[in-house]
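# model this:
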Amino acid sequence: MSDRLIRLVRIIVLIQSNPGITAKQLSEKCDTTNRTIYRDLEMLSAAHIPITNEGYGKGYVYLRSNQSLNST
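This next block holds a predicted model:
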């Protein structure tokens, strides 16, 4: 399996298990750069993986099927 695929799955698992995790924290846990994390998050978004950013400094969350982007 490629390193990128492993990292993408790891990002999904980290976001699911740590709602609000930041890109910096993801990069530290995945042993890569912030920029690589942002590229990976863009790839996951293009693949319609339901991950959203809660706002500057609030981190990322995985949306369950019964949530929407506007729910609080």
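
# So Val61 sits against Pro19, correct?
Yes. Using CB atoms under 8 Å, Val61 is in contact with Pro19, at 4.6 Å. Yep, even glycine has a C-beta here, placed from its N, CA and C like the rest.

# And for the worst-scoring helix or strand of the chain on mean pLDDT, what's in contact with it?
Within the chain, no helix or strand scores below strand 60-62, which has a mean of 85 by mean pLDDT, DSSP states H and E. Around strand 60-62, the neighbours that count as contacts under CB atoms under 8 Å, 6 or more residues apart in numbering are 12, 15-16, 19-23, 26, 41, 50-54.

# Just the buried ones from those?
Buried members of the contacts of strand 60-62, scored by 16 or more other CB atoms under 10 Å, are Ile12, Ile15, Ile21, Thr22, Ala23, Leu26, Leu41, Ile51.

# circling back: name the nearest of the contacts of strand 60-62 relative to Asn34.
Ala23 (5.3 Å; CB to CB).

# Go through the contacts of strand 60-62 and name the one with the lowest pLDDT.
Looking at the contacts of strand 60-62 by pLDDT, the weakest one is Glu54, with 75.

# State the distance from the nearest residue to that residue once chain neighbours are set aside to Leu44.
In space, and not counting its chain neighbours, Glu54 is closest to Val61: 5.9 Å by CB to CB, 6 or more residues apart in numbering. Distance from Val61 to Leu44, counting by CB to CB, to the nearest Å: 13 Å.

# list the residues that contact both of the two?
In contact with both Val61 and Leu44: Ile51, using CB under 8 Å, 6+ apart.

# Show me how far the longest helix along the chain is from its chain's centre.
In the chain, taking DSSP state H as the definition, the longest helix is helix 3-17. A distance of 8 Å separates the centroid of the chain from that of helix 3-17, by CA atoms, centre = their mean, to the nearest Å.

# Buried residues in the helix or strand just after that helix, which are they?
Using DSSP states H and E, the helix or strand that follows helix 3-17 towards the C-terminus is helix 23-30. Buried positions in helix 23-30, judged by neighbour count with 16+ other CB under 10 Å: Ala23, Leu26, Ser27, Cys30.
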